[in-house]
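Colleague: After the sequence you'll find the predicted model.
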Amino acid sequence: MGTGLMCVANDKIGIVERWGRFSHVAQPGLLCLNPFFGEWMAGLLSVRVQSLDVRCDTKTKDNVFVLVVCSIQYRVVKQNADDAFYELQNPKEQIQSYVFDVVRACVPKMNLDDVFEQKDEVAKSVSEELEKVMSNYGYSIEQTLIVDIEPDATVRRAMNEINAAQRMRMAAVEKAEAEKILQVKRAEAEAEAKYLSGVGIARQRQAITNGLRDSVLAFSHNVPGTSAKDVMDMVLITQYFDTMKELGNNSRNTTVFIPHGPGHVSDIADQIRNGLLQGNAISSATLEDTQ
């Protein structure tokens, strides 16, 4: 390449030949070559870490074609720079060939899911094989990475659909559990409300019964010659007419047909009396249960 005075950059080393034969490695800095002794610069090698991306198509054990992208980081070993310069004409093609060989030997032994999970194992296998081979040619493998695994587009779409279906099934289960909890809580609340409503009605009827009893006793003592039955009939008839009045004043009611007449009043009183007595018995039983 050149003779005489020349400068070697800090990121490079030079290969010096004498009469066409390798002489020595020129370190970075000013270099003086003697052309009269046949010395000249045969070439320069970069000592920087270089990166090579290798894209390899292969097939998995479950017959899925994938594109595996490997990133190889390598550099020249200064002590073996002459081997790196003279042994290989194209080191990138050499590295690419070995990557193809290792990847296509490892990936077909794995299922597609295992390739994603064990990509570090694939990278380790590639790195070990490259280090073993390329060290003989003056190169060291700094790092090997599996940067991408790309299945076929239809396979990716199917995998996404499977994942989406699984998540939808999990969401449906969670939604059903939530609805179950709501229904159980709603039923418990309804049962509690009915229980409290029954207790309230029982207490209301007990209060009405106690009020009627006190009224009947007070009326019987204050009006001589009247029996408790007469007073009770009068109270029930009064309540009957109050109920008729309420039905007439309620604007939402349209027409109500009920038997009415002098002969039906005693029947109504008997029916109301029997109803109150039955209600009183039920209320007493409910209070005993609650206590």
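Modeller: Good, I have the coordinates.

Colleague: Go ahead and report the secondary structure state at the residue nearest in space to the middle of the chain.
Modeller: Residue closest to the average C-alpha location in the chain (CA atoms, centre = their mean): R167, at 7.4 Å. Reducing the assignment at R167 to three states with DSSP: H, G, I helix; E, B strand; the rest coil gives helix.

Colleague: What ranges does the chain have for its strands?
Modeller: 5-8, 12-18, 21-26, 29-32, 39-46, 50-59, 65-76, 139-151 (DSSP state E).

Colleague: Can I get those in a markdown table including mean neighbour count, mean pLDDT and distance to Y195?
Modeller: To be clear about C-beta, it is placed using only N, CA and C from the backbone, and glycine gets the same treatment. Listed next are those as a markdown table, based on neighbours: other CB atoms under 10 Å; pLDDT from 0 to 100; distance: least, CB to CB, whole Å:
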| stretch | mean neighbour count | mean pLDDT | distance to Y195 |
| --- | --- | --- | --- |
| strand 5-8 | 13 | 82 | 98 |
| strand 12-18 | 19 | 87 | 93 |
| strand 21-26 | 15 | 86 | 98 |
| strand 29-32 | 11 | 83 | 99 |
| strand 39-46 | 17 | 86 | 88 |
| strand 50-59 | 15 | 90 | 69 |
| strand 65-76 | 19 | 90 | 65 |
| strand 139-151 | 17 | 89 | 62 |
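
Colleague: mind putting these in a markdown table, distance to M110 included?
Modeller: Shown next, in a markdown table, are those (distance: least, CB to CB, whole Å):
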| stretch | distance to M110 |
| --- | --- |
| strand 5-8 | 47 |
| strand 12-18 | 41 |
| strand 21-26 | 43 |
| strand 29-32 | 50 |
| strand 39-46 | 36 |
| strand 50-59 | 10 |
| strand 65-76 | 10 |
| strand 139-151 | 11 |
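
Colleague: Where does the prediction get shaky in the stretch 151-291 of the chain?
Modeller: 212, 216, 219-220, 223-236, 247-248, 250-291 (pLDDT under 70).
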